[in-house]
Every structure is written in C-alpha cells, then in structure tokens.
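Enquirer: Pasting the sequence and the predicted model now:
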Amino acid sequence: MDPIEHARLALMAADDGDAVAAQTHLSDAQGRARAIARRDRQVVEIAALVISGRRERAAGLALVHTSEFPADIDLLARVVTSK
C-alpha cells in the first residue's frame, strides 16, 4: 500500500474517532513517505496536520502543494475538508 493510501486510511479512522488506528496508519504513511517523491511526502504531511487538528496549516500547505501539483487539487480538497 502506498503512503497516500495509508494517509487516507488515517484520515478515515480519525473521522470515525479511532485515534489508535489513525496514528497507526499515519505512522505507516510517514515511514513509507521517506523513500518516495516529495509530492507524496507533502500529501502525507497535510494529512498529519489535519489529524493533529492543525487544519489552518494543512489548508495553507495544500494551497502551496496544489500550485506545484495541480492534479492533486481534488484529493487535497477532500483531505482538508474531512471532519
């Protein structure tokens, strides 16, 4: 499973109130992201910010990210607007 999928699962678990599963998936995403492209690392970081409650920072980083990677706009819109 790729880091973005783990980040997505972490966000879903956080939305469901399962902090343990969210942290597990987030740790997996962060561990795998070290060996992948900067694009993927940024998406994982944005998910981590959302999960930690730093939505304003996540939204700002998402704006910067989508200026460089416009194809990710739909993905990040879902990430920063999740519960």
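Expert: Received the coordinates, thanks.
Enquirer: check contacts around the most centrally placed residue in the chain.
Expert: The centre of the chain sits closest to A47, judged by CA atoms, centre = their mean, with a distance of 2.2 Å. The contact partners of A47, taken as CB atoms under 8 Å, 6 or more residues apart in numbering, are A7, R8, A10, L11, L26, A29, A58, V79. Using the backbone N, CA and C atoms, a C-beta is placed for each residue, glycine as well.
Enquirer: The last one: how many residues sit nearby?
Expert: Spelled out, that is V79. Per other CB atoms under 10 Å, the neighbour tally for V79 reads 22.
Enquirer: From the contacts of A47, which land in helices?
Expert: Mapping the contacts of A47 onto helices (DSSP state H) picks out A7, R8, A10, L11, L26, A29, A58, V79.
Enquirer: Nearest to T66 among the residues you listed?
Expert: Nearest to T66 among those: V79, at 10.9 Å, using CB to CB.
Enquirer: Is that closest one in contact with I46, as I believe?
Expert: Yes. Counting by CB atoms under 8 Å, V79 does reach I46; the two are 5.8 Å apart.
Enquirer: residues bridging contact with these two, i.e. touching both?
Expert: Common contacts of V79 and I46 (CB under 8 Å, 6+ apart): A58, A62.
Enquirer: thinking again about what came up before, tell me, what's the model's pLDDT at the residue nearest to the centre of the chain?
Expert: A47 is assigned a pLDDT of 90 by the prediction.
Enquirer: how about the nearest residue to it once chain neighbours are set aside, what does it touch?
Expert: Nearest residue to A47, sequence neighbours excluded (CB to CB, 6 or more residues apart in numbering): A7, at 3.7 Å. Listed by CB under 8 Å, 6+ apart, the contact partners of A7 are H25, L26, A29, V43, V44, A47, A48, V79.
Enquirer: Report the secondary structure element holding the closest residue to A19 other than its chain neighbours.
Expert: In space, A19 comes closest to A13 once its chain neighbours are excluded; the distance is 7.8 Å by CB to CB, 6+ apart. Using DSSP states H and E, A13 sits within helix 3-15.
Enquirer: Need the mean per-residue confidence for that helix.
Expert: pLDDT averaged over helix 3-15 gives 92.
Enquirer: how distant is it from the center of its chain?
Expert: Between the centre of helix 3-15 and the centre of its chain there are 7 Å (CA atoms, centre = their mean, to the nearest Å).
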